[in-house]
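Visitor: build the 3D model from these lines:
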Amino acid sequence: MLLPEKLADYEALLNSPALIATFPSPVLYCNDDLQGEFSASDRSAKSNAYYWRPQLDISTEVSPSVWGQLYHSIYDANVIINYVEGATDGTDKKKKEALGEAMTIKADCYFTLLTMYAKAYDPDNASSDPGIPLVNTTNVTDKTPERSSLQESFNEVLSLLNQAADYLPETNINRFRATKYAAFGMLARVHLYLGNNDSALIYSTKALEKAPALLDYNTQTRESIPTTELNPETLWARLSEDYGVPGFLIYSNDLLGYFDDDDLRIPIFRRDPEPITRAYSNGNAGFGISFPEMYLTQAEMYARKGMIDEAMDNINLIRKNRIVSSSYADVTASSEEDAIALVLAERRRELAFQGLRWMDMKRLDRENRMPAVVRKNLQTMEVEATLEPHGEGYVFEIPARVLQFNPQMQKNR
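Guide: Coordinates of the predicted model:
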């Protein structure tokens, strides 16, 4: 391995596709936002994700799509983490900032891997449930570590993000490059997934200290919505390895049922009204952290704590910027459970096709809030697959190629 020497070399790594396009597109195909158009014989990773087949990648000949992509990114992040402080130039402060960015990216990759290849977090079983291999080396000849427990895996994610928050700057050269507030946003997301409500509230509030911005869709058109790296709503920008998503992804009928006629997110983002409705990318697809996500996380935590007025204030702040002004009216909640339902519904609308629904499905399934999800053929409406509550489909098997080279690795099924 040829190690970078100068700080600029490590900066180039941080600007590389491997450390910017870290969202694996198959994650979009697992969830109930999507209506797919796959043939029965299709065994691509996206089709396998869509039907919740045990293996995303059946081939042992090529690098697995999600696992391989993310561990490649983790490898590059490890190069920075292990060696940047030995760079021959640059201040200690700048080296620490690069270190913090790499830690944030590594934590994000680990988190996505955990949502795909491990069970939803349950504190009663997390010490025995398998997590993922925690890889710190950059020596490709080193043996892949055994899977750490789910608890150990999440401890590592939180440790990386907490360290990163200490090192990262408050501003950076662009939205692809992490800041202290990006680390806070990731901490809010992870704690939300874990069910750590107090911590999720703390970190979403910290993330929102970064001068949050919301676009008023009453003043926007499909063409005027900024790209993710220029969008003032973006706190930390992430791209997918598939630059086409979410363009041409079909809205499920279930997702469409959440939108009213006066919701501007439909005319702005939906491409073909009839007969099939599709998400329209327009180059503005982002899979990182946004201020709306932080407002919604904060709102959910308020609702779960019985702070109903505060939760509704956040929801109405978003809705004022998304609903036709002449039709807008504040929403109100009559109880804590009503407030939670309203927040989750708004989360479904606002974060559609942004890569968070699968993690939401897993955490809500843990709380018995997820119904069965059904895949139907668009032409025949025949049921092709069903993901039952607490079903095995919520966890994908370790990829066949990984098991081929690591036969002792613990399987999920």
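Visitor: how about the strands in the stretch 1-150 of the chain?
Guide: With DSSP state E, counting those that start in this stretch as the definition, the stretch 1-150 of the chain shows strands at residue ranges 34-35, 130-133, 147-149.
Visitor: format those strands as TSV; extra columns: distance to residue 234 and mean neighbour count.
Guide: C-betas here are computed from N, CA, C, even on glycine. Below are those laid out as TSV (distance: least, CB to CB, whole Å; neighbours: other CB atoms under 10 Å):
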stretch	distance to residue 234	mean neighbour count
strand 34-35	23	22
strand 130-133	27	24
strand 147-149	32	18
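Visitor: reformat those strands as CSV; add mean pLDDT and distance to residue 15.
Guide: Conversion of these to CSV gives the following (pLDDT from 0 to 100; distance: least, CB to CB, whole Å):
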stretch, mean pLDDT, distance to residue 15
strand 34-35, 93, 31
strand 130-133, 98, 26
strand 147-149, 98, 30
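Visitor: to residue 233, which of the ones you listed lies closest?
Guide: Nearest to residue 233, of all those, is strand 34-35, at 22.7 Å by CB to CB.
Visitor: residue ranges with poor pLDDT in this protein?
Guide: Low-confidence regions of the chain, defined here as pLDDT under 70, cover residues 1-2, 273-277, 280-284.
Visitor: next, the buried residues of the top helix by length along it.
Guide: As far as residue count goes, and with DSSP state H defining each element, the longest helix of the chain is helix 92-117. Within helix 92-117, the residues scored as buried using 16 or more other CB atoms under 10 Å are 94-117.
Visitor: and for stretch 232-250?
Guide: By neighbour count, and taking 16+ other CB under 10 Å as the criterion, the buried residues in stretch 232-250 are 233-242, 245-247, 249-250.
Visitor: now the most far-flung residue of the chain relative to its centre: closest residue in space, sequence neighbours ignored.
Guide: Centroid-distance maximum for the chain: residue 88 at 35.3 Å, with CA atoms, centre = their mean. In space, not counting the residues next to it along the chain, residue 88 is nearest to residue 5; the distance is 5.3 Å by CB to CB, 6 or more residues apart in numbering.
Visitor: what's the burial count for that neighbour?
Guide: The burial metric for residue 5, expressed as a neighbour count using other CB atoms under 10 Å, is 13.
Visitor: do residue 89 as well
Guide: Under the neighbour criterion other CB under 10 Å, residue 89 is assigned a count of 11.
Visitor: distance of it relative to residue 15?
Guide: Using CB to CB, to the nearest Å, one gets 17 Å for the distance from residue 89 to residue 15.
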